[in-house]
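Visitor: turn this into a model:
(one chain, ligands or ions: 1)
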Amino acid sequence: MAHIDEKPSENILELDNITKYFGGIHALQGVSLNIKRGAIIGLIGPNGAGKTTLFNVISGFIPPDKGIITFNQKVLNKLHPHERSILGIGRTFQLPKIFSNMSVIENVIIGLLQNSNDFSACKEQAKELLKEVELDSFSEFSPKDLPIASKKKLEICRALATAPKLLLLDEAISGLTPKETLEMVDLIGTLSGRGLTIFIIEHVMKFIMNVSQWVIVLNHGEKIAEGTPEDISINETVIEAYLGRKE
Ligand code: ATP
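Guide: Reported below is the predicted structural model:
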């Protein structure tokens, strides 16, 4: 158990030998990795590589069959998703999970009420958060009426409302136009500049290579490489996993 006066570890998240089977499918096979505090890390891999399963294991939606998840020097394995959220793990989903029967601002207030029971203070904070992601003019809208880029920003805003230290972004730019993608890059840069650690799944290679400082590659549930974007872009094993082996 870490003492309060202990220097925080350089790693905010450590995964040790994470394994997950779905019946006969090896979704994750002995994945070990460290996420450095304050970094932006990209997670890539072909369809079905195990990326979303890894996020589900980290955030507590799926228990691993084997392996240890350590966040801020605390083992998370037995904790529920909401307990991990309170400890500082926020996430978004491939398909935004927004309450469509509530207004945009109410969606954010719900997240804030996790750490406070002062509704009016939460409402003020929600306004500030919506301003940060440039959704303040949509506060009273129904999320159903928002375009996909704004839905994605609202999901990030909802995650920010829980005051995360680590933010897991699952496909943050899928479906966005080039201009919206650039706005997302800016937003991620701003959040990172404030010290948030960001772990991000994305298929668009150019985006992940631009935005990440370190890239981790999964294939068939195994970590096949990790390194700087420059190293990963010329890594033979990674190129083969994406493009197929030349016979
Ligand atoms: P994509 O890029 O297509 O989203 P991914 O890398 O995120 O893929 P996962 O969604 O983690 O991959 O899936 C890894 C493997 O586990 C796949 O074979 C998938 O079909 C399987 N899988 C994932 N979730 C479940 C589940 N709840 N039940 C059964 N099989 C699952």
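
Visitor: buried residues in the longest helix along the chain, which are they?
Guide: If you go by DSSP state H, the chain has its longest helix at helix 178-193. Buried residues in helix 178-193, counted by 16 or more other C-beta atoms under 10 Å: 180-181, 183-184, 187-188, 191-192. Heads up, the C-betas are built off the backbone N, CA and C, glycines and all.

Visitor: the helix or strand that it is followed by close to the ligand?
Guide: Sequence-wise, the next helix or strand downstream of helix 178-193 (DSSP states H and E) is strand 197-201. No: Strand 197-201 is not in contact with the ligand by C-beta under 6 Å from any ligand atom; minimum separation 6.7 Å.

Visitor: what about the residue nearest the centre of the chain, distance to the ligand?
Guide: Geometric centre of the chain, nearest residue: L168, 1.0 Å, by C-alpha atoms, centre = their mean. Per C-beta to the nearest ligand atom, to the nearest Å, L168 is found 12 Å from the ligand.

Visitor: ok, K152 next?
Guide: For K152, the distance to the ligand - C-beta to the nearest ligand atom - is 16 Å.

Visitor: let me see the domain layout of this structure.
Guide: With domains defined by automatic domain parsing, the chain comprises 9-88+165-247, 96-163.

Visitor: roughly how far out does the helix or strand bottoming out on mean pLDDT in the chain sit from the chain middle?
Guide: Within the chain, no helix or strand scores below helix 236-243, which has a mean of 85 by mean pLDDT, DSSP states H and E. Taking C-alpha atoms, centre = their mean, to the nearest Å, one finds helix 236-243 lying 24 Å from the centre of the chain it belongs to.

Visitor: same question, stretch 149-156
Guide: 13 Å.

Visitor: show me which residues of the chain are close to the ligand?
Guide: So the chain meets the ligand at 22, 25, 27, 45, 47-53 (C-beta under 6 Å from any ligand atom).

Visitor: mind putting these in JSON lines, pLDDT included?
Guide: Output for the residues of the chain next to the ligand, formatted as JSON lines (pLDDT from 0 to 100):
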{"residue": "F22", "pLDDT": "96"}
{"residue": "I25", "pLDDT": "94"}
{"residue": "A27", "pLDDT": "97"}
{"residue": "G45", "pLDDT": "93"}
{"residue": "N47", "pLDDT": "91"}
{"residue": "G48", "pLDDT": "94"}
{"residue": "A49", "pLDDT": "95"}
{"residue": "G50", "pLDDT": "97"}
{"residue": "K51", "pLDDT": "96"}
{"residue": "T52", "pLDDT": "95"}
{"residue": "T53", "pLDDT": "97"}
